[in-house]
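Peer 1: only the shape, not the letters, is given here:
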């Protein structure tokens, strides 16, 4: 079932919200770019996903961490693994919506003209939360030669 429209302000911009149609077990996908890969001599491959992948997408305070909503992609009849693997993105991780909400984050629908399955995760992203997100992340589209944690 398609998601209901998100709340918008007077200018038509999506406001931070916890979308009621995003269920606790829905997979929330975070795309990973080469920018998110860090050297780490403690991992078998010597590279891992950095905590930079788990913060607002533009780095601004109060902005959202950009995500894709698997249920929306599936409802549209698309292959989510293919959908989230367009350059410059080389892989992706996922979280259950319930986990993110358990971290006091809001998980919402924020469709874009170029990505109708786009969502946002709003809240604060201190280093301690970024580390918990890093530990909880699961591969969605694995990156060869990169450790998840």
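Peer 2: That came through fine. It should be emphasised that the depicted structure is a prediction, and the values quoted were computed from it without experimental measurement.
Peer 1: for the nearest residue to residue 121 once chain neighbours are set aside, give its distance to residue 110.
Peer 2: Spatial nearest neighbour of residue 121, chain neighbours left out: residue 65 (4.3 Å); criterion: Cβ to Cβ, 6 or more residues apart in numbering. (Each C-beta comes from the backbone N, C-alpha and C, glycine too.) Residue 65 sits 11 Å away from residue 110, going by Cβ to Cβ, to the nearest Å.
Peer 1: what's the overlap in contacts for the two?
Peer 2: Contact with both residue 65 and residue 110 is made by residues residue 120, according to Cβ atoms under 8 Å, 6 or more residues apart in numbering.
Peer 1: picking that back up, check the residue nearest to residue 121 and give its pLDDT.
Peer 2: On pLDDT, residue 65 comes in at 96.
Peer 1: just residue 59 next, same as before
Peer 2: 53.
Peer 1: residue 88 too?
Peer 2: Reported pLDDT for residue 88: 89.
Peer 1: gap between it and residue 12?
Peer 2: 28 Å.
Peer 1: please apply the same query to residue 146.
Peer 2: 38 Å.
Peer 1: between those two, which one's more packed in?
Peer 2: Taking other Cβ atoms under 10 Å, residue 146 and residue 12 do not tie; residue 146 has more neighbours (21 against 6).
Peer 1: which other helices and strands does the longest helix along the chain contact?
Peer 2: As assigned by DSSP state H, the longest helix anywhere in the chain is helix 127-136. When contacts are defined as 3 or more Cβ pairs under 8 Å, 6 or more residues apart in numbering; DSSP states H and E, helix 127-136 packs onto no helix or strand at all.
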